[in-house]
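Peer 1: fold the following and give me the result.
(chains A and B)
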Amino acid sequence: MRVAVQSGAFDLGVEVSAFSAAVPGAGAVVSFTGLVRDEGGRLSAMEIEHYPGMTETAIAGMVAEAVRRWSLVDALVIHRHGRLAPGEAIMMVATAASHRGDAFAAAEFLMDYLKSRAPFWKKEIGADGAEWVAAKDSDEDALKRW
Amino acid sequence: MIDVLYFAWVRERIGLPRERLETRATTVAGLVEELRAREERYAAAFADLSALRVALDQELSSFDAPLAGVREVAFFPPMTGG
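Peer 2: I've put the predicted structure just below:
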């Protein structure tokens, strides 16, 4: 289990390869990557603020819950903070399980929880100013299925 | 003494990321009342509690939670990770 909260970029290929190479007995690895959208060219950057300390603890709690619920062999979460350009990877999750159903479900669970329970706040920087991204009701509703 | 942290637009509206203060409040709601009474920028930041979340010692909590033994309170808008 690894949780990394960092400002620097990560190499998706390297991360997934290393993760997949170290999950003995697993038959399925699922990975998801979130990118900064350019919003039709309106967005020049995304600034991500976080709560150092709480972020790591909150994500570790989600990962432990996912591992318990879906008997994961391993899980990885990398989430960046700071200023990111459109097209850059914001975060990734990877899950490893015996079968794909558990790996997919656990990855979705982690994504849903990261969206509204990990202390990150996104600010969109555009040509006409900066605006904090508002949380969506649908993100909160997504937690109910778990 | 208690450490109070602000994030995202709450931090911008109040104009500082954290402060250490003396409080007589016994609950989070009581602390919010004290802060609101301080200055207009606090009143503005805490105008609508439904738009805010609170963490006590880095764990998500609620506005009716007691403050006894708490060292760090953080106020912020709903999170937008992922």
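Peer 1: look up how far A:Glu39 lies from the most far-flung residue of chain A relative to its centre.
Peer 2: Within chain A, A:Asp128 marks the point farthest from the mean C-alpha position, 28.2 Å out by C-alpha atoms, centre = their mean. Distance, A:Asp128 to A:Glu39, by C-beta to C-beta, to the nearest Å: 12 Å. No exception for glycine: its C-beta is placed from N, CA and C like everyone else's.
Peer 1: A:Val5 and A:Glu56: what is the separation?
Peer 2: 6 Å.
Peer 1: wait, I meant B:Thr27
Peer 2: Distance from B:Thr27 to A:Glu56, by C-beta to C-beta: 28 Å.
Peer 1: so for these two, which sits in the more crowded spot?
Peer 2: A:Glu56 (19 against 15; other C-beta atoms under 10 Å in any protein chain shown).
Peer 1: got the buried residues for stretch A:115-128?
Peer 2: A:115-124 (16 or more other C-beta atoms under 10 Å in any protein chain shown).
Peer 1: residue ranges of the helices in the chain, please?
Peer 2: The chain I'm using is chain A. A:12-21, A:54-70, A:100-117, A:137-142 (DSSP state H).
Peer 1: should've been chain B
Peer 2: So, for chain B - with DSSP H - the helices run B:8-14, B:28-38, B:40-45.
Peer 1: most packed of those helices?
Peer 2: Most buried of those, by mean neighbour count (mean count of other C-beta atoms under 10 Å in any protein chain shown): helix B:8-14, with a mean of 19.
Peer 1: mean confidence score for stretch A:86-99?
Peer 2: The pLDDT scores in stretch A:86-99 average 98.
Peer 1: and for stretch B:67-82?
Peer 2: According to the model, stretch B:67-82 has a mean pLDDT of 97.
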